[in-house]
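>>> Build me a model from this:
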Amino acid sequence: MNGQFHVPATGWLHALDMRVKLCMTLVVVVLCSVWGNWMFLAAMLVVMHVMLLTDHVPARHVGRLWAVLGPLCALVAVIMLLSMNAYGTGVLWQLGWWRVTSQTLMMCLVVVLRVAGIVLALFLTLFTTSHADWVRGLTGLHLPLSAARRMARAVNVVPQWFAIFRERRLMRASRGAGGGFAAFGDTWAALRLRERRASVAALTRGAQMHTGSAKPTVMRPAHMRLADWLVLLIVVLVAAGVAAMVALGW
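Next up is the predicted model:
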């Protein structure tokens with residue numbers, strides 16, 4: 001793990017403006033949360049996988065995501081099957097007090113597809129957006145540069161923690177000090193130290209220096225290309241179409 005979710009590639013999703021990808025992710029998350037149509041949820045999963053495939057994101061990164069997401073979805077399904085034994089009337093299988101109905105299976109399928117779709121929508125942006133793109137996109141949303149930098153660092157806190165934890169565990173193991181839970185304290189201390197050093201480095205480069213009324217800016221501000229506007233238009237049209245279908249009770 002390189003300390004960030006971003007996967008280096010040269011595909012069309014990587015070249016897309018961060019604000020468009022963020023809008024796309026928010027739209028997918030909202031639609032998956034609102035509409036419980038299993039065919040729509042399954043179609044969204046297929047579309048997002050195709051998007052990652054055409055963007056040339058290595059399959060091993062998507063596989064690592066599913067290595068965590070798969071057991072999580074299975075756990076959710078098992079909990080629902082055990083706790084919703086009295087839901088529905090079409091009994092398919094029964095063992096004592098526990099029974100499985102067709103309504104329960106359909107509800108489990110919808111929830112699992114919904115969870116998978118929401119998580120994959122989030123990683124659609126995380127996999128294809130670098131730290132610099134996060135800063136440019138957030139400043140393009142009129143956030144102050146200092147806040148944009150903090151948010152861009154916060155996005156990658158989890159992979160940074162795991163990268164530091166692996167490093168500290170190997171260091172402790174090489175000294176014969178044990179590399180298990182004892183490395184947790186070292187990891188948090190090292191993460192705080194890294195954040196402090198990043199803040200000091202930004203200050204030494206003049207991140208907080210203001211010249212009169214001028215504010216610090218990025219070297220290459222984010223700008224929308226024609227392709228970005230076209231993708232944004234497609235996202236808006238899809239969202240409007242799905243909202244119409246939900247309103248009509250499909």
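>>> same for the host helix or strand of Met107, what does it pack against?
Met107 belongs to helix 102-128 when assigned by DSSP states H and E. Contact partners of helix 102-128 among helices and strands, from 3 or more CB pairs under 8 Å, 6 or more residues apart in numbering; DSSP states H and E: helix 12-15, helix 18-34, helix 38-54, helix 59-83. Every residue, glycine included, has its C-beta placed from N, CA and C.
>>> got the buried residues for it?
For helix 102-128, burial by neighbour count (16 or more other CB atoms under 10 Å) applies to 104-105, 107-121, 123-128.
>>> Same question for stretch 234-244.
Val235, Val238, Ala239, Val242.
>>> Got phi/psi on the residue of the chain most remote from its centre?
Largest separation from the mean C-alpha position in the chain: Gly96, at 41.0 Å (CA atoms, centre = their mean). Backbone torsions for Gly96, taken as degrees, to the nearest 10, come to phi 70, psi -130.
>>> again with Trp98
Trp98 adopts backbone torsions of phi -100, psi 130, taken as degrees, to the nearest 10.
>>> Can you spell out the domain ranges of this protein, please?
The chain resolves into domains spanning 1-130+235-250, 145-208 when parsed by automatic domain parsing.
>>> Compare the mean pLDDT across the ones you listed and name the weakest.
Of all those, mean pLDDT reaches its minimum on domain 145-208 (a mean of 67).
>>> Spatially central residue for the protein, please.
Central residue of the chain (CA atoms, centre = their mean): Leu122, 2.7 Å from the mean position.
>>> got the contact list for it?
Thr25, Val29 (CB atoms under 8 Å, 6 or more residues apart in numbering).
>>> so what's Leu81 up against?
Counting by CB under 8 Å, 6+ apart, Leu81 has contacts Val100, Thr104, Cys108.
>>> deepest of the helices and strands packed on helix 102-128, which one?
helix 18-34 (a mean of 19; mean count of other CB atoms under 10 Å).
>>> Please look at His14 and Asp55 and confirm they touch.
Yes. Here His14 reaches Asp55: they are 6.5 Å apart, a contact under CB atoms under 8 Å.
>>> which neighbours do these two share?
Shared contacts of His14 and Asp55 (CB under 8 Å, 6+ apart): Thr128.
>>> one step back: which one of the contacts of Leu81 is nearest Val47?
Nearest to Val47 among the contacts of Leu81: Cys108, at 22.2 Å, using CB to CB.
>>> any idea how far Pro58 is from that closest one?
Cys108 is 31 Å from Pro58, where distance means CB to CB, to the nearest Å.
>>> what does Ala239 give?
Counting by CB to CB, the separation of Ala239 from Pro58 is 30 Å.
>>> next one: Gln103
Note on Gln103: its distance to Pro58, by CB to CB, is 40 Å.
>>> swap in Met48?
Between Met48 and Pro58 the distance is 16 Å, computed by CB to CB.
>>> Hmm, Leu109 and Val76 touching each other?
No. Because the distance of 11.0 Å does not satisfy CB under 8 Å, Val76 is recorded as not touching Leu109.
>>> quick revisit: of the buried residues of stretch 234-244, which belong to helices?
In helices, defined here by DSSP state H, the members of the buried residues of stretch 234-244 are Val235, Val238, Ala239, Val242.
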